[in-house]
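>>> Sharing a model prediction with you, sequence too.
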Amino acid sequence: MKNNTFKSLIYVFISTFFCLTNTNAQSLLKEVPLSKKIESSDLLIEGKVIAKQSFWDADMKHIYTSNKIEVYKVFKGNSTNSIIEVFTLGGTVGLQAEKVTPSLQLHKEDIGLLFLKNSYVERKESRKETINYMPSTGAQSFYFYDLYEGTAKGIFQKYDDVSKSLYNEIHNLTNTKYKEVNKFNVKKKVSSIHEVNKAILDITSFSPSSISAGTNSVLTITGSSFGATKGSVKFTNADTGTANTAVALDSQILTWTDSQITVEVPANAGTGNIQVVTQGGSPFNSASSLTVTYSIVNIEAEVNSVNFAFQAQHINANGNGGYNWQMHTDFEANTAAKESFIRAMNSWRCASGVYWEIDGISDVDVISRDGINIVRFDNGTELPNGTAGVCTSFYSGCSTNVGNGVEWYVEELDIVFDDATNWAYGPESPGNNEFDFESVAVHELGHGHQLGHVINTNDVMHRSISNGESLREPNSNNLAAADNDFVRSIEFTVCGQPSMQGFDCSKLSIDDDLLASQIILFPSYVEKEIFISNTSSLALQEVKFFDVRGRVIKQEILKNVQKQKVNIEPLTSGLYFVQIRSENGSFSKKIIVK
């Protein structure tokens, strides 16, 4: 198990660092304007999700979810079908699951505008090639209709009047009138809902005011006139912002009375208002905002005809303590990208203890369930427009007599980055027209650590990215989430798999045996200054202090004397690597500043 004293020092370091550093939000999505979405789509429709089912592809490399869509209108494309199939990435089949972040996730009863491209994914069951569709711009491929407000919302866009502003803008871009397939008048639908619900009722209070998501944490909602029959509880969606809601599973609503509801906060819930919808359709909105500090990714799976949300844990997959990552040959050849990714990995494993190692290179150039945790750049238009990076988690499960009947663990992790993005690899800050690679790598590795999105523009797990922004350090909430995952992974076995072990960050200190034996750095636990003793015949030239991110915090020219003192200001509490360079090479030592 990881040394608790060492872990505490790391936490102190991270917390102290964040109190002193001003950073900006980073994630993995870049806004795609409506014109580009239309241009990249073979089919643009308005419709409603009426059914969902997950399946294996023909080669059993990926799990997809088939979403049956009842088509209302066609704005672009030649389809006249009243029902079409849209395949989205990820899902659960039996005791295996796949989650792709970010990706479009649709839910039954969702109504809105879908941007689609032709697809020819084969199902394992049929091996029949039929035309179906996939989202053309990934997570940004759906405008959700809010029939209470009468609006259409994407991750980055909002239209206050669907039939006027949205329809008209599409018409101006396509110069084509839409074709009606099934009757649906959004104005009449909104009016009828408002006629039934003439008053939006308020939630009196909720407790606690701050909570984590996807961790079985229970929220108590108090009010009146909720009714005696269970309805639904909705949260602001951390994956999409205000575009749509995160709806608690029926199994997550623990109790429901006329005046009080207890509910587990679902994994994709984010900071924002809460809505309770009664069985009769009346909405109750909270006046104040719930704060969601962090989220843990969940797997949704059916057990005895009931859908449950499960947390997964890591295992000792490589026999050394955790997981081996391999870099694709093209990625490994990009030295700046490789070093940036390693700095991002060190951010997590030095702070949280997650056991990840880099284990050579691979010629595998695809994301698939193949037993290889690959890091690579995409090929062509593999990643959707507006997506800078994607983490895919593959899971396996087993039946158990504990809890809800199934346990899950992370079997494999793959990460792919967009090679067409104008990247700044660091360690310098990105320019105004560049995207920060290291920040996106930290974000994607956060998903690999099983952290979900949050709504906080100063948090590395926020969903969106802007040119020139940089956020490379997990904050205290991120580390609390990572610890939630890590503690379960090292303390409990799952499905007979060996438990993960803690990563020893001291492995990152690399000593040249000859230099290390003749040049002594002391003490290891430092308050104000360190001493360097040189018993060799080599002239020392320079000392550099690096933080766990690989950034130079302090550097100083050394004197050619046997013993010298170096003041460590402005280093704050935490772990550092000290590199001493001589005329004949260099070596590194680890120190901890008290």
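Noted; the coordinates are in hand. Remember, predicted model here, so these are calculated numbers, not experimental data.
>>> Sketch out the low-pLDDT regions of the stretch 101-250 of the chain for me.
The model of the stretch 101-250 of the chain has pLDDT under 70 over residues 126-131, 194-200.
>>> Residue ranges of each domain in this protein, please.
4-28+314-504, 34-196, 201-303, 509-593 (automatic domain parsing).
>>> How about stretch 258-268, which residues are buried there?
Residues of stretch 258-268 classed as buried: 261, 263, 264, 265, 266, 267, 268 (neighbour count, 16 or more other C-beta atoms under 10 Å). The C-beta positions use only the backbone N, C-alpha and C, and glycine is treated the same way.
>>> From residue 375, how far off is the fourth one?
Right, residue 265. Separation of residue 265 from residue 375 (C-beta to C-beta, to the nearest Å) stands at 32 Å.
>>> Check the fifth one too.
Applying C-beta to C-beta, one obtains 30 Å for the distance of residue 266 from residue 375.
>>> Just give me the neighbour total for residue 60.
12 (other C-beta atoms under 10 Å).
>>> Next up, phi/psi of it, please.
Backbone torsions of residue 60, given as degrees, to the nearest 10, read phi 50, psi 40.
>>> who touches the nearest residue to it once chain neighbours are set aside in this structure?
Leaving aside its sequence neighbours, residue 60 sits nearest to residue 124 (C-beta to C-beta, 6 or more residues apart in numbering; 6.1 Å). Going by C-beta atoms under 8 Å, 6 or more residues apart in numbering, residue 124 touches 55, 56, 57, 58, 60.
>>> who's in contact with the third one?
It refers to residue 57. 63, 64, 121, 122, 123, 124.
>>> State the phi and psi torsions of it.
phi -80, psi 170.
>>> Who does it form a beta bridge with?
Residue 57 has these beta-bridge partners by DSSP bridges: residue 123.
>>> quick one: buried residues of stretch 335-353?
When burial is assessed from 16+ other C-beta under 10 Å, stretch 335-353 yields the following buried residues: 337-338, 340-353.
>>> What of stretch 318-328?
321, 322, 323, 324, 325, 326, 327, 328.
>>> what does it contact?
Contacts for stretch 318-328 (C-beta under 8 Å, 6+ apart): 314-317, 338, 341, 345, 354-365, 372-377, 410, 413, 498, 500-503.
>>> any idea which helix or strand comes after the host helix or strand of residue 52?
Using DSSP states H and E, residue 52 sits within strand 43-56. Downstream of strand 43-56, the next assigned helix or strand under DSSP H and E is strand 63-76.
>>> Show me what that following strand is packed against.
For strand 63-76, the packing partners by 3 or more C-beta pairs under 8 Å, 6 or more residues apart in numbering; DSSP states H and E come out as strand 43-56, strand 83-89, strand 91-93, strand 96-101, helix 167-174, strand 179-180.
>>> helices or strands up against the shortest one?
With contacts taken as 3+ C-beta pairs under 8 Å, 6+ apart, strand 179-180 sits against strand 63-76.
>>> Centre of the chain to the strand it packs on, how far?
25 Å (C-alpha atoms, centre = their mean, to the nearest Å).
>>> ok so, going back, go through the helices and strands packed on strand 63-76 and pick out the most buried.
Most buried of those by mean neighbour count (mean count of other C-beta atoms under 10 Å) is strand 96-101; its value is a mean of 24.
>>> Check which helices and strands that one is in contact with.
With contacts defined as 3+ C-beta pairs under 8 Å, 6+ apart, strand 96-101 has these neighbours: strand 63-76, strand 298-303, strand 389-399.
>>> Pull up the pairing partners for it, direction included.
Take DSSP bridges as the rule and strand 96-101 pairs in its sheet with strand 91-93 (antiparallel), strand 389-399 (antiparallel).
>>> any chance of the ones you listed in CSV, plus distance to residue 213 and mean pLDDT?
Output for those, formatted as CSV (distance: least, C-beta to C-beta, whole Å; pLDDT from 0 to 100):
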stretch, distance to residue 213, mean pLDDT
strand 91-93, 19, 96
strand 389-399, 17, 96
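>>> How many residues are close by residue 428?
Around residue 428 there are 9 residues (other C-beta under 10 Å).
>>> again, but for residue 223
By the measure other C-beta under 10 Å, the count of residues near residue 223 is 18.
>>> ok, it - contacts?
Contacts of residue 223 by C-beta under 8 Å, 6+ apart are 201, 202, 203, 204, 205, 259, 260, 276, 284.
>>> Against residue 291, how distant is it?
19 Å.
>>> again, but for residue 588
For residue 588, the distance to residue 291 equals 41 Å [C-beta to C-beta].
>>> neighbour count winner among these two?
Remark: of residue 588 and residue 291, residue 588 carries more neighbours, 18 against 15, as counted by other C-beta under 10 Å.
>>> Wait, the more buried one touches residue 577, no?
Yes. The pair residue 588 / residue 577 is scored as a contact, 5.2 Å apart, by C-beta atoms under 8 Å.
>>> low-scoring stretches of the chain, by residue?
In the chain, residues with pLDDT under 70: 1-28, 126-131, 194-200, 506-517, 548-550, 583-585.
>>> Correct me if wrong, but residue 330 is in a helix.
Yes. Under DSSP: H, G, I helix; E, B strand; the rest coil, residue 330 sits within a helix.
>>> What is the neighbour count of the nearest residue to residue 92 once chain neighbours are set aside?
Leaving aside its chain neighbours, residue 92 sits nearest to residue 301 (4.7 Å; criterion: C-beta to C-beta, 6+ apart). The number of residues packed around residue 301, counting by other C-beta under 10 Å, is 24.
>>> any idea how far residue 38 is from residue 301?
In this view, residue 301 and residue 38 are 36 Å apart by C-beta to C-beta.
>>> which residues touch residue 529?
565, 566, 567, 568.
>>> Who is the first one paired with across the strands?
With DSSP bridges applied, residue 565 shows beta-bridge pairing to residue 531.
>>> hang on, residue 374 is in a helix, isn't it?
No. Using three-state DSSP, the secondary structure at residue 374 is strand, not a helix.
>>> For it, the count of nearby residues, please.
Close neighbours of residue 374, defined as other C-beta under 10 Å, add up to 23.
>>> Quick check: it vs residue 252, distance?
Taking C-beta to C-beta as the measure, residue 374 and residue 252 are separated by 34 Å.
>>> what's the answer for residue 85, then?
For residue 85, the distance to residue 252 equals 28 Å [C-beta to C-beta].
>>> ok, now residue 553?
Counting by C-beta to C-beta, the gap from residue 553 to residue 252 is 45 Å.
>>> So between those two, which is more surrounded?
When residue 553 and residue 252 are compared for neighbours, residue 252 comes out ahead with 21 against 15, by other C-beta under 10 Å.
>>> got a list of what that one touches?
263, 264, 265, 266, 309.
>>> repeat that for 10 Å
Residues counted as contacts of residue 252 (C-beta atoms under 10 Å, 6 or more residues apart in numbering) are 216, 218-219, 233, 262-267, 298, 307-309.
>>> Which ones among the residues you listed lie within strands?
218, 219, 233, 262, 263, 264, 298, 307, 308, 309 (DSSP state E).
>>> ok, so of these, who is nearest residue 543?
Nearest to residue 543 among the ones in strands among the contacts of residue 252, counting by C-beta to C-beta, is residue 298 at 46.8 Å.
>>> burial of that closest one, as a residue count?
Residues near residue 298, counting by other C-beta under 10 Å: 25.
>>> So which residues of the stretch 401-550 of the chain form helices?
Applying DSSP state H, counting those that start in this stretch to the stretch 401-550 of the chain gives helices spanning 437-448, 476-491, 513-518.
>>> What helix or strand is the spatially closest residue to residue 442 that is not a sequence neighbour located in?
Distances taken as C-beta to C-beta, 6+ apart place residue 344 nearest to residue 442, at 4.4 Å, with adjacent residues excluded. Assigned by DSSP H and E, residue 344 falls within helix 335-352.
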